[in-house]
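S.K.: Dropping a prediction and its sequence here:
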Amino acid sequence: MTKKYFSFFMMKLSRYVLYDILRSKIIIAYTLFLFIVSMSMFQMEENSSKAMLSLLNIILIVLPLISLIFTTIHYYNSYEFIELMASQPMGRTRIILSEFAGVSLSLLSAFLIGVGIPIFLFAANETGFALLFTGSALTLVFTSLAFFASVRARDKARGIGAALLLWFYFALIYDGLILLLTFNLTDYPLEKIILALVSLNPIDIGRIFVVLKMDISALMGVTSALYKDFFGSGTGILFTTGIMLLWIVIPLWLAVRKFRKKDL
């Protein structure tokens, strides 16, 4: 009976957080931005593949940034509410998971409405569904990372700074390090090493997964054959899904672990 009560309370808390966020002007603006950009891309390009490629590049930059910043700001703005919930007979794990569920569902709703509707209208194919999967996975990944950064940093400015550093690292710095490694070690067989290194960046995993569906893997350089053979197979799809799940679960687990021991 007690477990049922706490499960019901957790669902109520998640629905309250979700409803509160969905009324936010930021989420509405984010949804409209994605919708306008997506529709513009498909209207301007006669070839849906070119539109999808342009839309992919925008999503891989904007989506992680918005997910990180919005989640971090929401966490600190809701800190007093979280403290109030922690004073109630409810476990801290349920509190932080309810917050995560509310934030991630709101961001997912914005993405699926803003990008999903144009894709269903203009590109309801394997590539379009791959883009929707990648965007949804990256939303959950960077929401999870944002909760981890926020829980660890008590100060709001430090938490937002950590979120921005995470975005710079995954969106810009990491690819530069991979290119530097590839350029300096061109005489060595790096295909398998690069394949392993790509797994350490969810943005790169998402990019490769979608680009391979577009059948333009030649644009990916010397490792394109390896990518196509591996990521284009059933094993590669399972590998991509598994890596994305790890990127979602591990930061969230670390955030829950830290939050349970944190002095509020």
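M.R.: Thanks, I have it.

S.K.: OK, contacts around the nearest residue to residue 35 once chain neighbours are set aside?
M.R.: Leaving aside its sequence neighbours, residue 35 sits nearest to residue 114 (CB to CB, 6 or more residues apart in numbering; 4.2 Å). All C-beta spots, glycine's among them, are computed from the backbone N, C-alpha and C. By CB atoms under 8 Å, 6 or more residues apart in numbering, the contact list for residue 114 reads 30-35, 37-38.

S.K.: With pLDDT and distance to residue 159 as added columns, please give those residues in CSV.
M.R.: Formatted as CSV, those follow (pLDDT from 0 to 100; distance: CB to CB, whole Å):
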residue, pLDDT, distance to residue 159
30, 91, 20
31, 90, 25
32, 92, 27
33, 93, 24
34, 93, 25
35, 93, 29
37, 92, 28
38, 91, 30
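
S.K.: Give the PyMOL command for selecting the buried subset of the residues you listed.
M.R.: Selecting the buried subset of the contacts of residue 114 in PyMOL, with 16 or more other CB atoms under 10 Å as the burial test, is done by:
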select buried, resi 30+31+34+35+37+38
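
S.K.: Pick the one among the contacts of residue 114 closest to residue 129.
M.R.: residue 38 (14.6 Å; CB to CB).

S.K.: ok, that closest one to residue 199 distance?
M.R.: Distance, residue 38 to residue 199, using CB to CB, to the nearest Å: 28 Å.

S.K.: just residue 180 next, same as before
M.R.: The value you get for residue 180 to residue 199, if CB to CB is used, is 18 Å.

S.K.: and those two? which has more neighbours close in?
M.R.: Between residue 180 and residue 199, counted using other CB atoms under 10 Å, residue 199 has the larger neighbour count: 16 against 10.

S.K.: for that one, what are its contacts?
M.R.: Neighbours of residue 199 in contact, by CB under 8 Å, 6+ apart: 205, 243.

S.K.: Likewise for residue 93?
M.R.: Here residue 93 is in contact with 256, 259-260 (CB under 8 Å, 6+ apart).

S.K.: Please, which helix or strand holds the residue most central in space within the chain?
M.R.: Taking CA atoms, centre = their mean, the centroid of the chain lies closest to residue 138, which sits 2.1 Å from it. Counting by DSSP states H and E, the element that carries residue 138 is helix 126-152.

S.K.: likewise residue 41?
M.R.: helix 25-44.

S.K.: In CSV, could you pull the C-alpha coordinates for the helix or strand encompassing residue 182?
M.R.: Per DSSP H and E: residue 182 is located in helix 174-184. Extracted C-alpha coordinates of helix 174-184, given in CSV (Å, rounded to 0.1, in the frame of the first residue of the first chain):
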residue,chain,number,x,y,z
TYR,A,174,35.8,16.9,-28.9
ASP,A,175,35.6,16.9,-32.7
GLY,A,176,38.6,19.1,-32.8
LEU,A,177,40.5,16.6,-30.6
ILE,A,178,39.5,13.7,-32.9
LEU,A,179,40.6,15.6,-36.0
LEU,A,180,43.9,16.5,-34.4
LEU,A,181,44.5,12.8,-33.4
THR,A,182,43.6,11.7,-37.0
PHE,A,183,45.8,14.3,-38.6
ASN,A,184,48.9,13.5,-36.5
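
S.K.: packing partners for it?
M.R.: helix 191-198, helix 202-213 (3 or more CB pairs under 8 Å, 6 or more residues apart in numbering; DSSP states H and E).

S.K.: counting contacts, what elements does the last one pack onto?
M.R.: Here helix 202-213 is seen to pack against helix 48-77, helix 126-152, helix 174-184, helix 191-198, helix 224-231, helix 234-261 when contacts are counted using 3+ CB pairs under 8 Å, 6+ apart.

S.K.: let's go with 7 Å and repeat that
M.R.: helix 48-77, helix 126-152, helix 191-198, helix 224-231, helix 234-261 (3 or more CB pairs under 7 Å, 6 or more residues apart in numbering; DSSP states H and E).

S.K.: Surely the residue nearest to the centre of the chain and residue 202 touch.
M.R.: Yes: in this structure, residue 138 is within contact of residue 202 by CB atoms under 7 Å, at 6.1 Å.
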